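Q: model the structure of this input:
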Amino acid sequence: MELKKILATFAVSAAMIGSVHAHDFKGDHGWHGKHEKYTIALFGDMPYGALGKAQYPNLIADVNAAHVAFSVFDGDLKSGGDGACTDENLYFPAQENFGKFEQPLVFLVGDNDWTDCWGRYGPTTTAPGADDPIERLQHERDLFFSTPYSLGQRKMRLTRQSDMGGEYSLYSENVRWKYGPVVYIGLNMQGSNDNYPYYGVDGETRSADEIERQRAEEVARKAANLAWLKDGFDYAKQVGALGVMVIAQVDLNFNNEYKLADSRSWDAFPDYINALRDAALAFPGQVAYVHGDAHYFKMDKPLSGPQGGVVANFTRVETFGARNTHWVSATIDTKNPNLFIFEPRIVPANVDKTVN
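A: The predicted structure is shown next:
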């Protein structure tokens, strides 16, 4: 790592730690079986392009004005074509933007942040020293996930998979926290087939050796993700949680909803889908899977059980993104049988002007 990057990482970490004593609250926010209701903000895949950069301050102001308990950014700090994955172009502006949120913000990585940094979107999206996906992911860990706290002006304590040590000690980006009756699980699950590439598919042009190196990364990370998912649900049962919200970047293409003829575009996803199905079927409360990736607000129940019926306690929500710089509110209400109430929150200043 270059000296200036080391110094920048140190400065960010020091600033975060220094602010914790005045503003920290525990992620394990207590719940004692009484009625509880609070709202969180969900968004990602932004800012994209010049329009997104112009609109992003409006979203930040809108979320702050809503006085949410905390926010979750579900990946992709830029569009694929918005230049290289460098500190100056990508990571430092993201840190600055996250620091403008008044309440805690949990950041989960996206494929445009690291897996696609090799140049999937053309020569203008690479830079010397910033074109190795595995190195870029580690750089994000150093910049964003080196402390036990969230981002945002107010900090929230998180449990990271790396805290557990052992074979998954690398994965500091995988997180868990409890707030009221809900356990939240954040995972590094990615679009672009979860970084399991095939030559000639989705713009893949790298060498056979490089493809195998990336596949090995995906296999190891998937094992960590599945273990963390299981641990999270075990923890939720242990503490008597009423709900679990799993959040990641990837649209898992449930039931091949995009009708992709070439399964090599999505064959890394069924392991995750099956794990989510098994977890939901075994959990007595409500389960939500929240993701970005495809950029359109969507809510449905895409999982079927062993007998073909819908898995009733599982809900999928896709957040806004790209040119739609809006957010989704999730209200947790213990009086509601669904527990999770999801609503699109349109930022008025970011609505397209009517042309007469």
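Q: please count neighbours and contacts with C-alpha atoms only from this point.
A: Fine.
Q: now the strands for the stretch 101-250 of the chain?
A: 105-107, 159-160, 175-179, 182-186, 243-247 (DSSP state E, counting those that start in this stretch).
Q: and the ones you listed: which comes nearest Ser71?
A: For these, the distance to Ser71 is smallest for strand 105-107, at 4.7 Å, taking Cα to Cα.
Q: state the mean pLDDT of the helix or strand harbouring Pro57.
A: In this structure, Pro57 sits in helix 49-66 according to DSSP states H and E. Regarding helix 49-66, the rounded mean pLDDT is 98.
Q: re earlier: Leu151 is nearest to which of the strands of the stretch 101-250 of the chain?
A: strand 105-107 (4.9 Å).
Q: in the closest one, what's buried?
A: 105-107 (16 or more other Cα atoms under 10 Å).
Q: give me the low-pLDDT residue ranges for this structure?
A: Applying pLDDT under 70 to the chain flags the ranges 1-32, 354-356.
Q: which residues in the chain form helices?
A: Taking DSSP state H to define them, one finds helices in the chain at 3-23, 49-66, 92-98, 133-144, 191-195, 208-238, 270-282.
Q: please tabulate the ones you listed in a markdown table, including the columns distance to Asn255 and mean neighbour count.
A: As requested, those are exported to a markdown table (distance: least, Cα to Cα, whole Å; neighbours: other Cα atoms under 10 Å):
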| stretch | distance to Asn255 | mean neighbour count |
| --- | --- | --- |
| helix 3-23 | 41 | 14 |
| helix 49-66 | 31 | 17 |
| helix 92-98 | 34 | 16 |
| helix 133-144 | 29 | 19 |
| helix 191-195 | 15 | 25 |
| helix 208-238 | 20 | 17 |
| helix 270-282 | 9 | 16 |
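Q: may I see these organised as a markdown table, with distance to Asn324 added?
A: Shown next, in a markdown table, are those (distance: least, Cα to Cα, whole Å):
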| stretch | distance to Asn324 |
| --- | --- |
| helix 3-23 | 29 |
| helix 49-66 | 8 |
| helix 92-98 | 17 |
| helix 133-144 | 25 |
| helix 191-195 | 19 |
| helix 208-238 | 29 |
| helix 270-282 | 27 |
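Q: out of the ones you listed, nearest to Gly81?
A: helix 49-66 (8.3 Å).
Q: show residues contacting the closest one.
A: For helix 49-66, contacts defined as Cα atoms under 8 Å, 6 or more residues apart in numbering pick out 41, 46-47, 78-79, 82, 100-103, 322-327, 347, 349-350.
Q: please pick the buried ones from the residues you listed.
A: Buried among the contacts of helix 49-66 (16+ other Cα under 10 Å): 41, 46-47, 78-79, 82, 100-103, 322-327, 347, 350.
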